[in-house]
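[1] what follows is a predicted structure for the sequence shown.
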Amino acid sequence: MSAFMDLNVMFSADRSRMQRVVETAAHLGFSTIAINYVFTPLTKKKQEVPTPTPINELIDPLPVVQGRSRPIRVLNRLTVVMSDSSHYRPNTPEYRRFDLLAVQPTTEKLFHACCMLYDIDIICIFVTEKLPFFFKRAPVNGAVERGVVFEVSYSAAIRDSTMRRYTIANAVSLMETCKGKNVILSSAAEKALELRGPYDVANLGLLFGMSDGDAKEAVSCTCRAALLHGETRKTASGIVYTMKSQQEAPQDSERCDAPAAKKAKPT
C-alpha cells in the first residue's frame, strides 16, 4: 500500500480549480490521479470525443506528493456513458489518446457486454440513482478474469443524502457479487473539498462491505492493476508496442546514390 491513487478526478476548464484539486490530492498523499473526461454520445447525432488537455497546460507546476520527493503523476481518462451498443467504438483513434478507458453501462445487456467482450479498463457503477438492473455472478466473474475493474465513487454521497443511500446500496450490491475483488474506490471530485485521504477512503470501503485488505487495495494495488491494463491495451499482450517509423532522410538516399569508388587520378 505504498502508492495511493485516485483514478477519477472530474475535468474542469477552470485552470485554478484543477490546480487546487491536484495540490490537495498531493497533500493528502496520492501519488497518481486521473483527470476524467465524461463523454455521453447521442444515438441520432454524431459527436466528437473530447480531446485531453496537455497536463503542462492544465496544471503547472505539478506539486510534490506529501512524504515523497517526486511530483504527483497526472493521467487522462475517458468515460463513455453507454445507452446503446453503437456508442462503443474500439477502433476510434480518439480513444487511444487517453491513458484509461472507462464505460458506464445503463442497461443489463450493456453491462454484460462490458464485462465479457469490450476491451476496456474500468466499469463505472451508478451511484446517483437506483440501479436499473441486478448484478449477476457470471458477467462479474468474467470481468474479474479479464482484468477489468469496477469503480465506486464517493463524492456524490457527500453532496446529497439521497445519493448517499444510493451509493451505499449499489456498492453493497456489487460487493455481495464480486466479494470485493477488482474494485477501486475513487472520488469523482469536482472540487478540492470533495477529496478525502486514502485511509479515509479505505475505511469507507468497510462501509460498502469490503474486507480490510480489499479496501486498502482498492486505493492502491487494484488501481495500479488498472493502469497496467490500460497500458497493455496499446500493446500486443503487453510485449510488443507499435509506433510509426520516421521517413528516411533525403541526405541518406543521396549518399546511397553516390559512386562507391573514387575516380583514379590521371598519371
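    Everything's here; your move. Residues are numbered from 1 along each chain as shown.

[2] residues contacting the most centrally placed residue in the chain?
    Nearest residue to the geometric centre of the chain (Cα atoms, centre = their mean): residue 100, 3.6 Å. By Cβ atoms under 8 Å, 6 or more residues apart in numbering, the contact set of residue 100 is 7, 34, 75-78, 121-122, 226-227, 230. Every C-beta, even on glycine, is put in place using the N, C-alpha and C of the backbone.

[3] let me know the pLDDT of it.
    On the pLDDT scale, residue 100 is placed at 94.

[4] quick one, strands of the stretch 51-200 of the chain?
    Per DSSP state E, counting those that start in this stretch, the stretch 51-200 of the chain carries strands over the ranges 73-82, 100-105, 122-124, 149-153, 183-186.

[5] where does the chain have low pLDDT?
    Within the chain, the stretches with pLDDT under 70 are 1-2, 43-46, 90-91, 235-267.

[6] show me where it has its helices.
    Using DSSP state H, the helices assigned to the chain run over residues 15-28, 55-58, 108-116, 137-146, 155-159, 161-178, 198-207, 212-217, 221-232, 250-257.

[7] between those, which gets nearest to residue 131?
    In terms of Cβ to Cβ, the element of the helices of the chain nearest to residue 131 is helix 161-178, at 5.3 Å.

[8] need the strands of the stretch 51-200 of the chain in a markdown table with distance to residue 26, can you?
    Converted to a markdown table, the strands of the stretch 51-200 of the chain look like this (distance: least, Cβ to Cβ, whole Å):
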| stretch | distance to residue 26 |
| --- | --- |
| strand 73-82 | 10 |
| strand 100-105 | 19 |
| strand 122-124 | 22 |
| strand 149-153 | 20 |
| strand 183-186 | 16 |
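
[9] neighbours around the residue lying closest to residue 27 once chain neighbours are set aside, how many?
    Distance criterion Cβ to Cβ, 6 or more residues apart in numbering; nearest residue to residue 27, sequence neighbours excluded, is residue 66 at 5.5 Å. Counted with other Cβ atoms under 10 Å, residues neighbouring residue 66 total 14.

[10] for residue 66, what are its contacts?
    26-29.

[11] for those residues, which one is nearest residue 3?
    residue 29 (9.7 Å).

[12] hang on, the earlier thing: could the helices of the chain go into JSON lines alongside mean neighbour count?
    Below are the helices of the chain laid out as JSON lines (neighbours: other Cβ atoms under 10 Å):
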{"stretch": "helix 15-28", "mean neighbour count": "18"}
{"stretch": "helix 55-58", "mean neighbour count": "13"}
{"stretch": "helix 108-116", "mean neighbour count": "19"}
{"stretch": "helix 137-146", "mean neighbour count": "16"}
{"stretch": "helix 155-159", "mean neighbour count": "18"}
{"stretch": "helix 161-178", "mean neighbour count": "17"}
{"stretch": "helix 198-207", "mean neighbour count": "18"}
{"stretch": "helix 212-217", "mean neighbour count": "18"}
{"stretch": "helix 221-232", "mean neighbour count": "18"}
{"stretch": "helix 250-257", "mean neighbour count": "8"}
